[in-house]
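*Asks:* Sequence and predicted structure below; questions after.
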Amino acid sequence: MQEQNYSHKGWLSLLNQLSKNTGLSIFLLFLCTNLSFGQRAISDTEKLASLAKLYGFLKYYHPEVAQGKFDWDQQVLVQIPKVLNASNKKDLSGVYLNWIDQLGLVEKCKKCKTKDSYFDKNFDLSWTQDPKLFTTELSSRLKFIENNRFQGDHFYASSDPLGRIIITNEPLYKDFEYPIEEYRLLGLFKYWNIIEYFYPYKYLTDQNWDLVLLEMLPKIRKASSTEIYQAAIKELVAKLDDSHAWIMFSNQKYKYLPFKISHIENKAVVSGFYNDSLAKLTPLKLGDVILKIDHTSVQEELDKNLNYVAGSNKAAKTRLTYLNIFKTSEDQMNLTVSRAGSIENYVLKTYNFDDFKISNNPSAIKSKSISKDIGYMDLAHVKGVDVTPIFKSFTSKKAIIIDIRNYPRMIFSKFWRFLNSEKRNWVKEYVLDMDYPSRYVYKDINKTFKGSRTFKGKVILLVNEKTLSRAEFTAMALQTADNVITVGSQTAGADGDVAIFEYLGGYKTAMTGIGVLYPDGSETQRVGIKIDIQVKPTIQGLREGRDEVLDKAIEIANQ
């Protein structure tokens, strides 16, 4: 009998001929579809993306791999040429099945139980069942490994008492400023999977994390120099959309201008000074608009750098980008400045950040009486030992303004005895379930303390884009006060401490480490904390020497 060799079109033709037989048609359609998937050309990027995912999945799920029994980096390096040489789904799945077979037997897991309640917005292993890339046999094998995953102390990852991820036992790679292609890919595989399994806010990124992998693979592969390679990694980190995220390629110390720059009315505006004595040495004034840096427009520099700076929202991302573009290794910086319609050019001295002596500023105000009825405290300078004396001095006040447009100490619990007449829920957290990577479990909802003699007047909190991380956590804690109002603008949207680990080559990098929600489940990451009255500073207000957010708080206090 002569062997029949049907092409894809041939199968469709045969299907049409037999269309009167409904059952046979359905069967042949299923067969044709599977043949189509089997013959479908798979791009190199798709192959490498599947390898990256399998590398991470086996690293954290396979019982033998998760215990550290293999030189896992070398294992994946060996697979790269095999994967790239695979011509279709069957060949690719064959490579992976052979690899898995060499890792040892996965036994039925007696302890692999699922919990009653997960925070599961980050969890997605559906790629293991993708019929376009994997055969049924491979997908079944991966599902079995998921269901019988490793339980116990992981070799490559653990969590600290707070629930933040700790990356462990990764090989050290020295002198890897610009590694060869295989190691550039390995670095991407490692980082992508740390985010995939251990970043609590992966579900909130603007770009789907799977698509990030597909986009960054060719950029990392084709990076032709150290500068281009490191720029690609910065872009990768920026895609976390997280104000806690950064990467450091050197320990170089930069110099800074002695004044603060804020994004006001879509302009770079001088909004404050780091040090009073240094402020007297600069010709710039509050409300000055900076047009150019070293003869390049600020907007051009901003546009050029935004893609390489991580930020949870536009306000935070812009502020962090300003910090990046207004630093230099030089002793001076040329600025073109607009003030009241006139334009001036200045050559300004730059300083080491330590020269600003921010923590030892003799003119720093911890607290003061704005009026007979209004007290004010600046949490940038308040220490734990100061809290009780300050509240005692404010006993007769009708309102207290608490400024959190800064980075306070971890002392918010000391305020509760003066602000909360009853215990209240104030934060809901979720942390890693190391027995089921990428799934998270809720911690018990935290409650405040109850005070015996609480302040009866208004409590007004001031926040803005500088209210970041611990400051946002503090704001949430103080928002439980009996009679509280929050005034200001969107905060940095990075709530939940910091997890620091290394990118391949020994480069320090970071991300937010814990999932933080309000007790009702509403998000703080990216959106920032809840604000009752929105107030933003204006250029005119700065030029007039007014703090418009504080002015609004005083107005509310006097009502």
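*Replies:* Looks like it came in fine.
*Asks:* Check the offset of stretch 299-308 from the chain's centre.
*Replies:* Centroid separation for stretch 299-308 versus its chain: 19 Å, with C-alpha atoms, centre = their mean, to the nearest Å.
*Asks:* Dead centre of the protein: give me the residue that sits there.
*Replies:* Centroid-nearest residue in the chain, with C-alpha atoms, centre = their mean: Asp242, separated by 2.8 Å.
*Asks:* Next, give phi and psi for that residue.
*Replies:* With angles defined as degrees, to the nearest 10, Asp242 sits at phi -140, psi 120.
*Asks:* how close does it get to Thr205?
*Replies:* Separation of Asp242 from Thr205 (C-beta to C-beta, to the nearest Å): 8 Å. All C-beta atoms are positioned from the backbone trio N, CA, C, and that covers glycine.
*Asks:* And the strands in the stretch 151-300 of the chain?
*Replies:* Along the stretch 151-300 of the chain, counting by DSSP state E, counting those that start in this stretch, strands occupy 157-159, 165-167, 246-248, 255-256, 259-264, 267-273, 289-293, 296-297.
*Asks:* out of those, nearest to Asp435?
*Replies:* Evaluated over these, closeness to Asp435 peaks at strand 157-159, with 11.1 Å, by C-beta to C-beta.
*Asks:* For the closest one, which helices and strands make contact with it?
*Replies:* For strand 157-159, the helices and strands in contact under the criterion 3 or more C-beta pairs under 8 Å, 6 or more residues apart in numbering; DSSP states H and E are strand 165-167.
*Asks:* buried set for the strand it packs on?
*Replies:* Using 16 or more other C-beta atoms under 10 Å as the test for burial, strand 165-167 gives Ile165.
*Asks:* So if we follow the domain assignment, how does the chain break up?
*Replies:* 8-39, 45-155, 365-493+528-558 (automatic domain parsing).
*Asks:* Need the distance between the two termini of the last one.
*Replies:* Yep, that's domain 365-493+528-558 we're talking about. End-to-end distance of domain 365-493+528-558 (C-alpha to C-alpha, to the nearest Å): 22 Å.
*Asks:* Mind putting the strands of the stretch 151-300 of the chain into TSV with mean pLDDT and distance to Tyr55?
*Replies:* Shown next, in TSV, are the strands of the stretch 151-300 of the chain (pLDDT from 0 to 100; distance: least, C-beta to C-beta, whole Å):
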stretch	mean pLDDT	distance to Tyr55
strand 157-159	96	14
strand 165-167	97	15
strand 246-248	96	21
strand 255-256	95	41
strand 259-264	96	40
strand 267-273	95	43
strand 289-293	97	42
strand 296-297	96	42
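*Asks:* Distance to Asn147 for these - can I get that in a markdown table?
*Replies:* Shown next, in a markdown table, are the strands of the stretch 151-300 of the chain (distance: least, C-beta to C-beta, whole Å):
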| stretch | distance to Asn147 |
| --- | --- |
| strand 157-159 | 20 |
| strand 165-167 | 23 |
| strand 246-248 | 36 |
| strand 255-256 | 54 |
| strand 259-264 | 50 |
| strand 267-273 | 55 |
| strand 289-293 | 56 |
| strand 296-297 | 57 |
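*Asks:* closest to Pro537 out of those strands?
*Replies:* strand 259-264 (5.8 Å).
*Asks:* Let's see the closest one as CSV, backbone CA atoms only.
*Replies:* Extracted C-alpha coordinates of strand 259-264, given in CSV (Å, rounded to 0.1, in the frame of the first residue of the first chain):
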residue,chain,number,x,y,z
PHE,A,259,18.8,72.6,46.3
LYS,A,260,15.8,70.3,45.8
ILE,A,261,14.0,70.1,42.5
SER,A,262,10.4,69.2,42.1
HIS,A,263,8.1,68.7,39.1
ILE,A,264,5.6,71.5,39.4
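*Asks:* So Glu64 lies in a strand, does it not?
*Replies:* No. Counting by DSSP: H, G, I helix; E, B strand; the rest coil, Glu64 falls outside a strand, being helix.
*Asks:* tell me the secondary structure for the residue nearest to it when sequence neighbours are not counted?
*Replies:* In space, Glu64 comes closest to Gly104 once its chain neighbours are excluded; the distance is 4.5 Å by C-beta to C-beta, 6 or more residues apart in numbering. Three-state assignment for Gly104 (three-state DSSP): coil.
*Asks:* The one 3 residues further on now?
*Replies:* Per three-state DSSP, the local secondary structure of Glu107 is coil.
*Asks:* Now do the same contact list for it.
*Replies:* By C-beta atoms under 8 Å, 6 or more residues apart in numbering, Glu107 lies in contact with 63, 148.
*Asks:* coming back round to it: between the strands of the stretch 151-300 of the chain, which one is nearest to Phe418?
*Replies:* When the strands of the stretch 151-300 of the chain are compared by C-beta to C-beta, strand 267-273 sits nearest Phe418, at 28.9 Å.
*Asks:* What is the least confident helix or strand in the chain?
*Replies:* The least trusted helix or strand in the chain, going by mean pLDDT, DSSP states H and E, turns out to be helix 8-17, with a mean of 45.
*Asks:* of the strands of the stretch 151-300 of the chain, which approaches Gln151 most closely?
*Replies:* Evaluated over the strands of the stretch 151-300 of the chain, closeness to Gln151 peaks at strand 157-159, with 13.6 Å, by C-beta to C-beta.
*Asks:* Okay, and the beta partners of Glu292?
*Replies:* Not Glu; residue 292 is Lys. When assigned by DSSP bridges, Lys292 has beta-bridge partners Ser297, Thr336.
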